[in-house]
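Student: Quick one, what's the 3D model for this:
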Amino acid sequence: MARTIRGRNNGLEIWPGYVDALSTLLMVTIFVLLVFVLAEAFLSVALSGRNKTITALRSEIAQLSHVLALQKSKTASLQDELASMASLMKAAKTREAALMAANAALTAKTATLGAAVTAAGGKLAGQVKLNAQELQTVSLLNQQIAALRLQLATIAAALDAAQKKDQEEHVQIADLGQRLNEALARKVQSLEQYRSEFFGVLRKALADQKDIKVVGDRFVFESAVLFPSDSARLSAKGKAEIAKVAQAIEAIAPKIPDKINWVLSVTGYADKEAITGGPYKDNFDLSAARALSVLHLLIADGVPKNRVVAAGFGADHPIATGNTPQDLAQNRRIEFRLTSAD
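Tutor: This next block holds a predicted model:
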């Protein structure tokens, strides 16, 4: 009887241990599920941010493609108009040459007939009588001479008309070229004063930088000033320098009239040394990525999206042709240029 009671007591003592184990297992399971839920939330936030970045890049690419298509359309239209004018002038010259050749042939034929008439007249002067056949020959020659003179007059009138039309077409082509040159000159002249002011503001802000210089109508930043080696991520110093460019743009933008369609061009370049590692497969990708990094920072610093464009040219268009480290450093650069968007 005592053994039976002891066995029952042992079973009751073991039961709380089972309950504690199950409770611990349940808490661990809930903790693991909570970790998974938090990890999923963090991943969703990260993917959402990347999707927004990709959407913004696609929008910028579409905008640049639209601007390029408009520029190509304008260029094609002007080229078609010039080609049409050239074709009309060529046709007029061909017609003029044909008329001049016909005129020369008729003049020669008239001279021949005139000589024949003169010879016939001399022969008739020595005769007392003219027979019917000779009279008929003289009459026919006179008719041919009259017809040739009429043809010569018609050809001369047509030649004068062709020459007049040719002169008019020359004037039209010259006027078109002059109007195009005047329009371009007006745009360049209207933008030049603001470009000079922009250069003055930026030169004053960057006066203490030896690696930043003016080449023609461009500000040239060596890449070492803005980026670490083989990277498109702006350094702290680089961000400070780009902020100065944004401030210069903000200073002169209100002064530029609305009728001037201006943009700040950001162009990236690299040296000719091949890339051996990193996320970029070649110098073109690196230069384009650096130009886009600068563009994004300018927009973040307050420059309107429609007033800045970016492009990368890789190792093309070097400003130093040597192979020394100094030459290669000069070719790794970012250029800024205030220009027309038309």
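Student: Give me the number of neighbouring residues for Ile243.
Tutor: Rather than Ile, residue 243 is Ala. Using other CB atoms under 10 Å, Ala243 is surrounded by 16 other residues. No exception for glycine: its C-beta is placed from N, CA and C like everyone else's.
Student: Skipping adjacent residues, who's closest to Leu295 in space?
Tutor: Ala310 (4.1 Å; CB to CB, 6 or more residues apart in numbering).
Student: Number of residues surrounding that neighbour?
Tutor: Neighbours around Ala310, by other CB under 10 Å: 22.
Student: try Thr29
Tutor: Count around Thr29 with other CB under 10 Å applied: 10.
Student: ok, now Lys165?
Tutor: 16.
Student: i'd like the first residue to be 6 from this point on
Tutor: Okay, residue one is now 6; in that scheme the one you just asked about reads as Lys170.
Student: By average pLDDT, which secondary structure element in this protein comes out worst?
Tutor: Of the helices and strands making up the chain, the lowest-confidence element is helix 137-210, at a mean of 66, by mean pLDDT, DSSP states H and E.
Student: What is the helix or strand Ala44 falls within packed up against?
Tutor: Ala44 belongs to helix 7-130 when assigned by DSSP states H and E. Under the contact definition 3 or more CB pairs under 8 Å, 6 or more residues apart in numbering; DSSP states H and E, helix 7-130 sits against helix 137-210.
Student: Let's see that with 10 Å instead.
Tutor: Judged by 3 or more CB pairs under 10 Å, 6 or more residues apart in numbering; DSSP states H and E, helix 7-130 is in contact with helix 137-210, helix 288-305, strand 313-317.
Student: how far off helix 288-305 does it point, in degrees?
Tutor: Compare the direction of helix 7-130 with that of helix 288-305 by axes from the mean of the first three to the mean of the last three CA atoms, to 10 degrees and you get 100 degrees.
Student: Run the chain-centre distance for helix 7-130.
Tutor: 14 Å (CA atoms, centre = their mean, to the nearest Å).
Student: now it against strand 313-317, angle please.
Tutor: 90 degrees.
Student: pLDDT on helix 7-130, on average?
Tutor: For helix 7-130, mean pLDDT is 74.
Student: go on, stretch 318-332?
Tutor: 88.
Student: what about Val219, which helix or strand?
Tutor: Assessed by DSSP H and E, Val219 sits inside strand 217-220.
Student: domain assignment for this protein?
Tutor: 81-189, 211-345 (automatic domain parsing).
Student: Of the ones you listed, which stretch is the most buried?
Tutor: domain 211-345 (a mean of 17; mean count of other CB atoms under 10 Å).
Student: any idea how far it is from the chain center?
Tutor: Distance, centroid of domain 211-345 to centroid of chain: 18 Å (CA atoms, centre = their mean).
Student: so where does Lys264 fall, helix or strand?
Tutor: Counting by DSSP H and E, Lys264 is found in no helix or strand.
Student: middle-most residue in the chain, spatially?
Tutor: Leu73 (5.4 Å; CA atoms, centre = their mean).
Student: so who does it touch?
Tutor: Residues in contact with Leu73 (CB atoms under 10 Å, 6 or more residues apart in numbering) are Val314.
Student: Cool, thanks, signing off.
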